[in-house]
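Peer 1: Prediction below, plus the sequence it came from.
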Amino acid sequence: MPTIGNDIGHGSDTFDRSGGKGVIVNGKVYEEHSFNSRVAVALAKHLKRCGIGEKRIQQPNKPEVSLSRRTDLYNAENVDAVLSNHANANSNKSVKGICVFAWHNHPESQRLQKLLIEEYEKMGFDTHGNGDHESEIGSWTDLHIVRETKMTACLIENGFMTNPEDFKKIFLTPSYAEKCAEAQARALCRFFNKKYISVASTHSEEEEEMIKKAVVVYSDADLSVGYDLANEKKCAVYNRKSLANEELTINELMVVGGPNDGLEKKTNRVIDLSGSNRWETRKKVISYLGK
Ligand SMILES: [Zn+2]
C-alpha cells in the first residue's frame, strides 16, 4: 500500500507567534493552519477509502512542528510522496487562484504536480497563472518541504487568503476544503495507478461512522469555533441550509449557535452549545471540550 506524508502547513500557534500565516477580516483572525488542517483531515478519509496510507507529524490544532522535523520523519519513514497543504497571501489583493510547487528537476514530483492541477481544474477551480511553480535553490520558490524530501513532494497553495473571493472559499465555505481534498485524492490515485473510490460507491462501516457526529452552525459568525470543534471531534461541519438538504441521520449533533428547532429530525441527540451571542457560544464550546 502506498503511503503519503499528509503535511499540514504550520501550527495552531504560528499566527500568535509570528503574526503571519493568517488574515484579520473585520477584526477577526482567520488562521491558515485551521484551513490546512481541514483539508488534511478530509484527505485522510478519502485516502483510507482508496487504499492509500498516511503519516502525519503535524496534527490539526497543535503547536507547530518544525520543517526539519517534518522532512526528517518523511525521509526516515520513506513515504512514497509528500503533500503539504497551505493557503497563500499577497500584498496585492487581486492575486488569486491555486498553485502547486514541485522541485524543478524531480520528474516524479512534476508528474504529481501536473495531475493535481488537472484534478483541481476538473473541480472548476481557478489556478494562479498556469498553476505550476518550479522550486529552485536561491529563489522565492526554494521551499524546504519540496527541497529536503528525498521522494516525490508537492506543496499546494489552495488559493489566496488575501483575495476576497478566495477568502470566502477558504474560510467561509465548508465544502471547499472537502473538494480540495477530493481533487488531491483523485490525483494521488492516478499517480499510484489506483482506482479512485468515490464516497457514493461505498457504504462501509467507516462511512456510517462518519455521521456518528457532526457540527451545525447557525451563521458565518460561528464558523470558526464550529471548525475548531469539528477538528477536535474529527467530524464534518454543516450550516443549517446544507444540513437541511442532506439525506442523513446523525447520531450526535453539536449545535453551535442558534435555536435547536427542527434539528431533532436529523439526529438522535442534540448537544446544545449555543449561547445568546457568538462569544457565549465560543465559551460553551471551549468548556464542552474541557479546555
Ligand atoms: Zn502556508
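Peer 2: Structure received. Numbers count the residues shown, from 1 in each chain.
Peer 1: wait, doesn't residue 263 sit right on residue 253?
Peer 2: Yes - Residue 263 is in contact with residue 253 according to Cβ atoms under 8 Å; the separation is 6.0 Å. For every residue, glycine as well, the C-beta is placed using N, CA and C.
Peer 1: So the two - more neighbours on which side?
Peer 2: For residue 263 versus residue 253, neighbours defined as other Cβ atoms under 10 Å are more numerous around residue 253 (24 against 18).
Peer 1: Could you look up the SS state of the more buried one?
Peer 2: Assigned by DSSP: H, G, I helix; E, B strand; the rest coil, the conformation of residue 253 is strand.
Peer 1: Quick check: bridge partners of it?
Peer 2: For residue 253, the beta-bridge partners under DSSP bridges are residue 214, residue 270.
Peer 1: Quickly list what the residue of the chain found nearest the ion is bridged to.
Peer 2: Closest approach of the chain to the ion (Cβ to the ion) occurs at residue 86, with a separation of 3.4 Å. Beta bridges link residue 86 to residue 157 when assigned by DSSP bridges.
Peer 1: isn't it right next to residue 9, touching?
Peer 2: Yes - in this structure residue 86 lies within contact range of residue 9 using Cβ under 8 Å: 4.0 Å.
Peer 1: Low-confidence ranges, the stretch 151-291 of the chain, go.
Peer 2: 202-210 (pLDDT under 70).
Peer 1: Sketch out the helices for it, chain order is fine.
Peer 2: Here the stretch 151-291 of the chain has its helices, by DSSP state H, counting those that start in this stretch, at 164-172, 174-191, 205-210, 223-233, 240-245, 278-288.
Peer 1: what does the protein have sitting close to the ion?
Peer 2: 9, 86 (Cβ under 5 Å from the ion).
Peer 1: Please repeat the previous calculation with a cut-off of 8 Å.
Peer 2: 9, 10, 21, 32, 36, 86, 87, 88, 157 (Cβ under 8 Å from the ion).
Peer 1: Let me have the helices of the stretch 151-291 of the chain in TSV, extended by distance to residue 82 and mean neighbour count.
Peer 2: Converted to TSV, those look like this (distance: least, Cβ to Cβ, whole Å; neighbours: other Cβ atoms under 10 Å):
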stretch	distance to residue 82	mean neighbour count
helix 164-172	22	19
helix 174-191	11	22
helix 205-210	24	12
helix 223-233	21	21
helix 240-245	32	13
helix 278-288	33	16
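Peer 1: Of those, which is nearest residue 5?
Peer 2: helix 174-191 (11.7 Å; Cβ to Cβ).
Peer 1: what's the angle between the closest one and helix 164-172?
Peer 2: 90 degrees (axes from the mean of the first three to the mean of the last three Cα atoms, to 10 degrees).
Peer 1: Which elements pack onto helix 174-191?
Peer 2: With contacts defined as 3 or more Cβ pairs under 8 Å, 6 or more residues apart in numbering; DSSP states H and E, the secondary structure elements packing on helix 174-191 are helix 32-50, strand 81-88, helix 107-122, strand 152-160, helix 164-172, strand 236-239.
Peer 1: I'd like to know which of these lies nearest to residue 2.
Peer 2: Distances from residue 2 to each of the helices and strands packed on helix 174-191 were compared by Cβ to Cβ, and the smallest falls on strand 81-88, at 7.4 Å.
Peer 1: thinking again about what came up before, closest one to residue 107 among the helices of the stretch 151-291 of the chain?
Peer 2: Using Cβ to Cβ, the nearest of these to residue 107 is helix 174-191, at 12.3 Å.
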